[in-house]
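A.B. asks: When you get a sec, could you give me coordinates for this:
(one chain, ligands or ions: 2)
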Amino acid sequence: MSWALVPAAGSGRRFGGEVPKQYLCAAGKPLIEHALDALLSHAGVDGVVVALAADDAHWPGLASFHGKSVITCIGGGERADSVLAALHALPAGVSKDVLLLVHDAARPNLHADDIRKLIEAAKTCPDGAILAAPVRDTLKRSGAGARIARTESRDGLWRALTPQAFRRDLLLRALQSAKADGVVATDEAMAVERLGLHPALVEGREDNLKVTTPADLALAEFLLARRA
Ligand SMILES: Nc1ccn([C@@H]2O[C@H](COP(=O)(O)OP(=O)(O)OP(=O)(O)O)[C@@H](O)[C@H]2O)c(=O)n1
Ligand SMILES: C[C@](O)(CO)[C@H](O)COP(=O)(O)O
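C.D. replies: Ligands and ions are numbered 1, 2, ... in the order given. Have a look, this model is predicted:
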């Protein structure tokens, strides 16, 4: 079985506005609740720990969802700090080698089949596994004056998505190592890669978008309304 860790302590600087984007509504409910619904409606996920901002008053929270525990904790200054805080907040009795699925609260359009594929891959790959999407656009490196410096090869390049799945002890060791070295790991895989490991890439849906800007919210509304 597995548990989910959901970092939801961000302030949404790039989105703007007063309310952090994970609490904005699309298709009738907050983005965070779409993410929790996808995770906790999956039979392979037993519960979730959500990392919230210390001054969070935007979301009343949920004691349970789909009959499973929703535990909250206080996140940290970086996303990785929030994930580490959620890991430390796992309830007693959760096994030391539980599989942990780390998923952004700002990614509302997660589908059950992607969760299934990820868990299956993480069960067979000791280095863990992440959902990802192959880069399909030509990539440009910017130069002086917002002009193109050069085209970068997209061969073998993927966009990391979430959830990202790792055994509890490995994720703890990786996050603690990155923090001790002063490295800000922008995803869990980066922290694991620093240990010399190579997590599996699992091709996930392109529409598992992270809501970062207002344009993303409009797209999320379109996608989620079609699922309802
Ligand atoms: N210190 C932080 C920063 C981010 N997050 C969470 O990590 C996810 C992905 O981060 P991002 O999209 O960058 O969210 P923000 O940090 O809020 O956005 P911004 O960088 O624009 O401020 C979000 O669910 C966000 O709430 C978190 O738990 N703790
Ligand atoms: C974890 C992540 O969603 C994978 O692409 C991404 O790194 C989060 O980046 P953010 O800047 O914290 O949104």
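A.B. asks: Okay, helices next: where are they in the protein?
C.D. replies: Using DSSP state H, the helices of the chain run over 31-40, 79-88, 112-124, 168-180, 188-193, 214-227.
A.B. asks: can those helices go into CSV with extra columns for distance to ligand 1?
C.D. replies: Where you see a C-beta, it was placed from the backbone N, CA and C, and this is true even at glycine. CSV is the format used below for the helices of the chain (distance: least, CB to the nearest ligand atom, whole Å):
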stretch, distance to ligand 1
helix 31-40, 8
helix 79-88, 3
helix 112-124, 17
helix 168-180, 13
helix 188-193, 11
helix 214-227, 9
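A.B. asks: Pipe these into TSV and attach distance to ligand 2 and mean pLDDT per row.
C.D. replies: TSV is the format used below for the helices of the chain (distance: least, CB to the nearest ligand atom, whole Å; pLDDT from 0 to 100):
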stretch	distance to ligand 2	mean pLDDT
helix 31-40	12	98
helix 79-88	4	98
helix 112-124	13	98
helix 168-180	13	98
helix 188-193	7	98
helix 214-227	11	97
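A.B. asks: Now render the ones you listed as TSV, adding mean neighbour count.
C.D. replies: What follows is these, written out as TSV (neighbours: other CB atoms under 10 Å):
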stretch	mean neighbour count
helix 31-40	24
helix 79-88	22
helix 112-124	17
helix 168-180	17
helix 188-193	24
helix 214-227	15
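A.B. asks: Can you name every helix or strand that the helix or strand of the chain with the lowest mean pLDDT contacts?
C.D. replies: Sorting the helices and strands of the chain by mean pLDDT, DSSP states H and E puts strand 64-65 at the bottom, at a mean of 90. Counting contacts by 3 or more CB pairs under 8 Å, 6 or more residues apart in numbering; DSSP states H and E, strand 64-65 packs against helix 31-40.
A.B. asks: okay but residue 44 is in contact with residue 68, surely?
C.D. replies: No - look at residue 44 against residue 68 with CB atoms under 8 Å: they stay out of range, at 11.3 Å.
A.B. asks: looking at the helices of the chain, which is closest to residue 158?
C.D. replies: helix 188-193 (10.3 Å; CB to CB).
A.B. asks: what's the closest non-adjacent residue to residue 82?
C.D. replies: residue 75 (3.1 Å; CB to CB, 6 or more residues apart in numbering).
A.B. asks: That neighbour: how many residues sit nearby?
C.D. replies: 25 (other CB atoms under 10 Å).
A.B. asks: Provide a list of residues in contact with it.
C.D. replies: Residue 75 makes contacts with 7, 8, 9, 51, 52, 53, 54, 81, 82, 85, 86, as judged by CB atoms under 8 Å, 6 or more residues apart in numbering.
A.B. asks: partners of the fourth one in the sheet?
C.D. replies: Translated: residue 51. Per DSSP bridges, the residues bridged to residue 51 are residue 7, residue 73.
A.B. asks: Could you check how far it is from ligand 2?
C.D. replies: In this view, residue 51 and ligand 2 are 13 Å apart by CB to the nearest ligand atom, to the nearest Å.
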